[in-house]
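> Sequence and predicted structure, then a few things I'm wondering about:
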Amino acid sequence: MAWDRIENGQQFCDGRASAAVGDIYSRYQLPNCLAVDEADWTWIQSFDPGPTTISIKAATGTTIVRSRTISVGLEFVLGGQEIQASDLTFRYWYTADGAPAQQTTCDGTNGLVCDQLAVTTMAVSPARPLADSYAEVSFPNYGGIISTGFPYDLGFSITRSDSALYDQSNDYSYGGASNSTLSTKVTAYVKGALVYGTEP
């Protein structure tokens, strides 16, 4: 069982006075209030949501395999325990095809804000099958929580600095579909620990 508290009729999560989650508990969990008041606090015993789970759907911005830009759309939904946004990261695995330099941009979001997330390209050493790089999405400037049951969307692009083209046919996470489909080749991590998907 998990313990939360209520002050002046407003529910807060695990002592974090700035993180109101009454809407999460009312919609997705069934708290049982205990008749215990002390120093203006009411302590409640809540249904244990269990460990954090996640599912990811991925889409590509183009079905053209050879392109100067890799465009990715992700839709993800959390289950179980809510988490701080800063604890969550995603990795899209691909082959850089010798790109001398790469730039990333956020192309849009739903439930998030582009200014609050970061997309960084990282080299993989040693290279793995169909992946010598990954693009990592993180939320260093998002001070809130990622709620359970809500479908979040984000899109980002990776662009080469030269005039050559990426060959997405040798990219581990590339699915080739312009509509969102469930993917286990885009991986998710909570505090650095893999919680969803399979790495190459």
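Thanks, I have the structure now.
> burial measure for the nearest residue to Ala118 once chain neighbours are set aside, as a count.
Take Ala118 and drop its neighbours on the chain: the residue closest to it by CB to CB, 6 or more residues apart in numbering is Ser138, 5.1 Å away. Any C-beta I mention is one placed from the backbone N, CA and C, and that applies to glycine too. Ser138 has 18 neighbours, counted by other CB atoms under 10 Å.
> Bridge partners for Ser138, pull those for me.
Residues in a beta bridge with Ser138, per DSSP bridges, are Thr89, Ala118.
> Could I get the contacting residues of it?
Applying CB atoms under 8 Å, 6 or more residues apart in numbering to Ser138 gives the contacts 86, 88-89, 117-118, 120.
> again, only this time at 7 Å
Listed by CB atoms under 7 Å, 6 or more residues apart in numbering, the contact set of Ser138 reads 89, 117-118.
> any idea how far it is from Ser71?
When distance is defined by CB to CB, to the nearest Å, Ser138 is 19 Å away from Ser71.
> Contacts for stretch 112-127 next, please.
By CB under 7 Å, 6+ apart, the residues outside stretch 112-127 that reach it are 102, 104, 106, 131-142, 152, 154, 156, 158.
> buried residues in that stretch?
Neighbour-count burial for stretch 112-127, counted by 16 or more other CB atoms under 10 Å, picks out 112, 116-119, 121, 124.
> go on, stretch 150-169?
152-160, 166, 168.
> tell me the domain boundaries of this protein?
For the chain, automatic domain parsing gives the domain ranges 2-46, 53-196.
> Average pLDDT for the longest one, rounded please.
Pointing back at domain 53-196 there. Taken as a whole, domain 53-196 has a mean pLDDT of 92.
> how about the helices of the protein, start to end?
In the chain, the helices defined using DSSP state H lie at 22-28.
> Could you give the separation between the terminal residues of stretch 61-76?
17 Å (CA to CA, to the nearest Å).
> That one: how far from the chain's middle?
Put simply, stretch 61-76 sits 18 Å off its chain's centre (CA atoms, centre = their mean, to the nearest Å).
> What are the contacting residues of it?
54-60, 90, 92, 94, 107, 151-160, 165-169, 176, 178, 180, 186.
> Next, the buried residues of that stretch.
Buried residues in stretch 61-76 (16+ other CB under 10 Å): 61, 67, 70-76.
> which of those sit farthest apart?
Greatest spatial distance in these: Ser67 and Phe76, 24.0 Å, computed using CB to CB.
> who's in contact with stretch 152-164?
The contact list for stretch 152-164 (CB under 7 Å, 6+ apart) reads 68-76, 99-112, 117, 119, 121, 135, 137, 166.
> Oh, that last question was meant for stretch 177-192, not what I typed.
Residues contacting stretch 177-192 (CB under 7 Å, 6+ apart): 52, 54-60, 63, 73-75, 83, 87-93, 172-173, 175, 194-199.
> how long is that stretch from one end to the other?
28 Å.
> Next, the buried residues of that stretch.
180, 183, 185-190.
> Ok, stretch 88-104 next?
Within stretch 88-104, the residues scored as buried using 16+ other CB under 10 Å are 88-97, 99, 102, 104.
> Send me it as PDB with only the CA atoms.
Output in PDB follows, covering the C-alpha atoms of stretch 88-104 (Å, rounded to 0.1, in the frame of the first residue of the first chain):
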ATOM      1  CA  LEU A  88      12.600   9.400 -17.900                       C
ATOM      2  CA  THR A  89      14.600   9.000 -21.100                       C
ATOM      3  CA  PHE A  90      14.000   7.400 -24.500                       C
ATOM      4  CA  ARG A  91      16.600   6.200 -27.100                       C
ATOM      5  CA  TYR A  92      16.100   5.900 -30.800                       C
ATOM      6  CA  TRP A  93      18.800   3.700 -32.300                       C
ATOM      7  CA  TYR A  94      20.200   4.300 -35.800                       C
ATOM      8  CA  THR A  95      23.300   4.300 -38.000                       C
ATOM      9  CA  ALA A  96      24.800   7.800 -38.600                       C
ATOM     10  CA  ASP A  97      26.200   6.700 -42.000                       C
ATOM     11  CA  GLY A  98      29.400   8.700 -41.500                       C
ATOM     12  CA  ALA A  99      27.600  12.000 -40.800                       C
ATOM     13  CA  PRO A 100      30.300  14.500 -39.800                       C
ATOM     14  CA  ALA A 101      28.000  16.500 -37.600                       C
ATOM     15  CA  GLN A 102      24.300  16.300 -36.700                       C
ATOM     16  CA  GLN A 103      21.600  18.700 -35.500                       C
ATOM     17  CA  THR A 104      18.400  17.800 -33.600                       C
END
